[in-house]
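> my questions are about this predicted structure, shown below with the sequence.
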Amino acid sequence: MIKEEIWTQALDVLQKNVSTISYDLWIKSLEPIDLKNNIFYLSTTSETAKQRIMSLHKGDIYVALTSISDEVKDFAILDPDEREVYVKNVEVTVKAENQKFPGMNTFNKKYTFDNFIVGNSNKYVYFACKGVAENPGTRINPLFIYGGSGLGKTHLLNAIGNCLNEQHPELKTLYCTCEKFTGDYVKSLQGNYSAKNNFKEKYRNLDVLIIDDIQFISKAESTQEEFFFTFNELYESGKQIIIASDRPPKEIATLQERLASRFSMGLIQDIQFPDYETRLAILMKKAQEEGFVVEDKVLEYLAEHFDTNIREMEGVLMKVWYYASLIGKKSASMEDAREALKDHDFSNKQNLTADRIIDCVCKYFNIKKDDLLGKKKNKEIVEPRQICMYVICTMLEMSLLSIGQLFGRDHTTVIHARDKVTTLIEENQRIKIAVNDIKAMTQKN
């Protein structure tokens with residue numbers, strides 16, 4: 001429970017136990033500033049107010065706070081001068097921690113919740129991340145988010161960190177990749193006793209741990225065991241844990257069952273491919289932030305054709321603008337876009353064919369083309385075949401009859417495959433990831 005929640009509940013108790021005049025005059029103006037070493041720190045408006053409160057209501061406040069939270073063993077009231085000194089000391093401590101462990105409380109300032117474009121594809125994960133940042137270690141813990149590359153996971157992780165730094169600067173927050181965690185652990189094993197202690201101090205003495213790319217966690221039992229113990233210690237201490245991956249826990253092949261179970265104790269939320277309206281809004285926002293002057297038709301064109309990776313889409317926008325700027329134009333037109341992108345993979349979508357989709361499905365599932373298009377009915381072939389039909393239906397303007405002819409089947413078989421995969425995408429994360437991965441593959445050389 002964070003200090004604001006403790007104090008809000010304590011106020012409810014105090015309002016019932018002290019006179020209305022005392023509550024309005026002295027108690028109501030108190031402000032919670034920290035909970036450290038089981039001491040709840042409050043600040044008041046003047047030294048006189050502090051003296052009056054301590055003389056009249058010390059016992060009332062003590063009872064209210066200790067009855068609300070077991071974390072609170074005592075409290076202290078600071079006058080304005082004392083508060084200023086205390087806050088400065090906290091800032092010095094945080095700075096020292098940051099220097100001791102590089103990366104602590106350090107986040108990319110350009111990624112915030114305010115400049116994250118929210119759409120149907122990401123609204124749930126956005127609100128989950130925002131809720132965690134505003135109330136760490138409370139309702140959503142752990143938070144596990146997953147999605148493909150370039151869909152905004154990095155933006156959200158940094159937005160959480162920046163929000164925490166602003167609203168809870170006293171908290172020790174660390175962002176690291178799974179690779180960094182593994183590397184630090186291996187180094188600690190190679191070092192002396194002090195190195196091992198430093199590792200545990202860094203990762204287990206946190207208020208918030210944000211770890212990215214957990215899908216790369218080592219198969220080594222000792223590494224997963226160390227992360228398991230780190231996770232448990234933080235979780236049992238009420239500390240916030242945020243984990244990001246490109247797939248849900250059950251789809252991470254190297255992940256031990258007990259870790260997958262721990263990750264599932266909180267909220268698991270995916271971030272999906274953005275729809276057209278969201279992509280267009282992202283491009284408009286990017287152009288505004290960077291000062292790009294681009295015709296609306298260019299933004300619409302890019303939003304329509306780059307639907308699998310936000311990062312790539314923004315990069316293409318930048319390429320178009322720079323091309324227009326280099327030839328002395330103040331605004332990028334469709335003509336500039338076509339010229340700037342004439343050698344780009346961008347043409348893949350326009351030239352996308354059923355054969356390319358079939359080849360991508362075969363490569364993804366490691367099966368032969370003859371088997372995919374043939375008569376075999378074993379699950380290892382039927383499932384990829386249905387997925388292939390679905391992808392062709394959704395990505396190409398082909399008649400159901402023509403699609404059926406590719407596979408030597410009639411249009412009713414295609415309808416069945418399309419509808420079945422549509423349902424499976426909603427129910428089965430493995431199928432959903434496979435479809436998204438194959439769609440992304442079709443856009444690459």
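Yep, that arrived.
> quick one: low-confidence residue ranges for the protein.
1, 93-103, 193, 307-308, 344-351, 397, 444-445 (pLDDT under 70).
> the strands in it, which residues?
Residue ranges of the strands in the chain, as given by DSSP state E, are 31-36, 39-43, 74-78, 143-146, 173-177, 208-212, 240-245, 267-270.
> can you put those strands in CSV and add distance to Lys369?
The C-beta positions use only the backbone N, C-alpha and C, and glycine is treated the same way. Shown next, in CSV, are those (distance: least, Cβ to Cβ, whole Å):
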stretch, distance to Lys369
strand 31-36, 63
strand 39-43, 68
strand 74-78, 73
strand 143-146, 31
strand 173-177, 38
strand 208-212, 37
strand 240-245, 32
strand 267-270, 31
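> could I get the ones you listed as TSV with distance to Asn198 and mean neighbour count?
Below are those laid out as TSV (distance: least, Cβ to Cβ, whole Å; neighbours: other Cβ atoms under 10 Å):
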stretch	distance to Asn198	mean neighbour count
strand 31-36	22	18
strand 39-43	27	21
strand 74-78	31	17
strand 143-146	27	25
strand 173-177	13	22
strand 208-212	16	23
strand 240-245	21	25
strand 267-270	32	19
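> ok, which of those comes nearest Lys285?
strand 143-146 (21.0 Å; Cβ to Cβ).
> and the contacts of that closest one?
Contact with strand 143-146 is made by 125, 128-129, 132, 153, 156, 240-249, 263-264, 266-271, as judged by Cβ atoms under 8 Å, 6 or more residues apart in numbering.
> do the same with stretch 29-37
Contacts to stretch 29-37, defined as Cβ under 8 Å, 6+ apart, come from residues 2-4, 6-7, 40-45, 49, 53, 71-72, 77-78, 83, 86-87, 90, 170.
> wait, isn't Leu401 in contact with His411?
Yes - with contacts counted by Cβ atoms under 8 Å, Leu401 reaches His411, the gap being 4.9 Å.
> of those two, who's got more company?
His411 (14 against 10; other Cβ atoms under 10 Å).
> now do the contacts for Ile252.
214-215, 217, 245, 260.
> among those residues, the buried ones, what's the ChimeraX command?
Buried residues within those, by 16 or more other Cβ atoms under 10 Å, are selected in ChimeraX with:
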select :214,215,217,245
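> can you add distance to Thr106 and give the contacts of Ile252 back as JSON lines?
Output for these, formatted as JSON lines (distance: Cβ to Cβ, whole Å):
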{"residue": "Ile214", "distance to Thr106": "20"}
{"residue": "Gln215", "distance to Thr106": "23"}
{"residue": "Ile217", "distance to Thr106": "23"}
{"residue": "Ser245", "distance to Thr106": "22"}
{"residue": "Ala260", "distance to Thr106": "30"}
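> mind listing the helices for the stretch 101-250 of the chain?
With DSSP state H, counting those that start in this stretch as the criterion, the stretch 101-250 of the chain has helices at 123-134, 153-167, 178-190, 193-204, 221-236.
> now render those as a markdown table, adding distance to Met395 and mean neighbour count.
Shown next, in a markdown table, are these (distance: least, Cβ to Cβ, whole Å; neighbours: other Cβ under 10 Å):
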| stretch | distance to Met395 | mean neighbour count |
| --- | --- | --- |
| helix 123-134 | 25 | 20 |
| helix 153-167 | 24 | 21 |
| helix 178-190 | 33 | 16 |
| helix 193-204 | 44 | 15 |
| helix 221-236 | 38 | 16 |
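> mind checking which of these is nearest Thr394?
Counting by Cβ to Cβ, Thr394 lies closest to helix 123-134 out of the helices of the stretch 101-250 of the chain; the figure is 22.3 Å.
> got the CA positions of that closest one in PDB?
The C-alpha trace of helix 123-134 is given here as PDB (Å, rounded to 0.1, in the frame of the first residue of the first chain):
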ATOM      1  CA  LYS A 123      -6.000   0.900 -25.100                       C
ATOM      2  CA  TYR A 124      -6.200  -1.900 -22.500                       C
ATOM      3  CA  VAL A 125      -2.400  -2.300 -22.200                       C
ATOM      4  CA  TYR A 126      -2.100   1.600 -22.000                       C
ATOM      5  CA  PHE A 127      -4.500   1.900 -19.100                       C
ATOM      6  CA  ALA A 128      -2.900  -1.100 -17.300                       C
ATOM      7  CA  CYS A 129       0.600   0.600 -17.600                       C
ATOM      8  CA  LYS A 130      -0.800   3.900 -16.500                       C
ATOM      9  CA  GLY A 131      -2.500   2.400 -13.500                       C
ATOM     10  CA  VAL A 132       0.800   0.700 -12.400                       C
ATOM     11  CA  ALA A 133       2.700   3.900 -12.800                       C
ATOM     12  CA  GLU A 134       0.300   5.900 -10.700                       C
END
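> give me the contacts around it.
113, 116, 118, 139-141, 143, 145, 147, 156-157, 159-160, 163-164, 167, 240, 242, 267, 269-271.
> run the angle between that helix and strand 173-177 for me.
Inter-element angle recorded for helix 123-134 and strand 173-177: 140 degrees (by axes from the mean of the first three to the mean of the last three Cα atoms, to 10 degrees).
> just give me how far helix 123-134 sits from the chain centre.
How far helix 123-134 lies from its chain's middle: 9 Å, per Cα atoms, centre = their mean, to the nearest Å.
> could you tell me the angle between it and strand 208-212?
Going by the same axes, to 10 degrees, helix 123-134 makes 140 degrees with strand 208-212.
> so what's the residue nearest to Asp410 when sequence neighbours are not counted up against?
The shortest distance from Asp410 to any non-neighbouring residue, by Cβ to Cβ, 6 or more residues apart in numbering, is to Gly404 (5.1 Å). Taking Cβ under 8 Å, 6+ apart, we find Gly404 in contact with 410-411, 413-414.
> for ChimeraX, write a command that selects the buried ones of the residues you listed.
Typed into ChimeraX, the line below selects the buried ones among the contacts of Gly404, using 16+ other Cβ under 10 Å:
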select :413,414
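> before we move on, back to that, okay, the helices of the stretch 101-250 of the chain in TSV with distance to Leu30 next?
TSV is the format used below for those (distance: least, Cβ to Cβ, whole Å):
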stretch	distance to Leu30
helix 123-134	21
helix 153-167	19
helix 178-190	40
helix 193-204	33
helix 221-236	30
